[in-house]
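Trainee: 3D model of this:
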Amino acid sequence: MSLEHHIQEQRERFHILFDRLSDTQWSATAVPEAKSDLATCQTQARLTKARIDNFNVAVDKEYKRLASIKGHGIRHIW
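Mentor: Prediction:
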């Protein structure tokens, strides 16, 4: 095997390893940002769920209030 051929093989191997290292470093630096984004999304989901729950409680309360109204005329209008 010639020296040039050996260098060429090692060069390709070096590039493969270097690319893997770059991907690993990028992944390692991206993890905190991904965790932060995930925490933000979870917080938003909790807030949205709380708003929906509050809305559902208000709707149920209003429905019960309207359903308990006495009198044919008012129920007919509703």
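
Trainee: how far is stretch 45-56 from where the chain is centred?
Mentor: Remark: stretch 45-56 is offset 17 Å from the chain centroid, using CA atoms, centre = their mean, to the nearest Å.

Trainee: looking at it now, give me its mean pLDDT.
Mentor: Averaging pLDDT along stretch 45-56 gives 96.

Trainee: cool, stretch 9-26 as well?
Mentor: 82.

Trainee: which one's the longest helix in this protein?
Mentor: Secondary structure of the chain per DSSP state H: the longest helix is helix 3-67.

Trainee: residue contacts, residue 47?
Mentor: Applying CB atoms under 8 Å, 6 or more residues apart in numbering to residue 47 gives no contacts. Quick note: C-beta positions are derived from backbone N, CA and C, even for glycine.

Trainee: distance of it from residue 60?
Mentor: 21 Å (CB to CB, to the nearest Å).

Trainee: residue 26 now?
Mentor: For residue 26, the distance to residue 60 equals 50 Å [CB to CB].

Trainee: can you check residue 13 too?
Mentor: Per CB to CB, residue 13 is found 67 Å from residue 60.

Trainee: next: residue 39.
Mentor: Going from residue 39 to residue 60 by CB to CB gives 32 Å.

Trainee: one more: residue 12?
Mentor: Relative to residue 60, and taking CB to CB, residue 12 is found at 68 Å.

Trainee: let me know the secondary structure of residue 70.
Mentor: coil (DSSP: H, G, I helix; E, B strand; the rest coil).

Trainee: contact partners for residue 39?
Mentor: Residue 39 makes contact with no residue under the criterion CB under 8 Å, 6+ apart.

Trainee: hmm, I was thinking of residue 28
Mentor: If you count contacts by CB under 8 Å, 6+ apart, residue 28 has none.

Trainee: 17 is where my numbering starts, stick with that
Mentor: Will do, 17 is the new start, and the previous item becomes residue 44.

Trainee: I'd like to know how many residues surround residue 50.
Mentor: Neighbour count of residue 50, defined by other CB atoms under 10 Å: 10.
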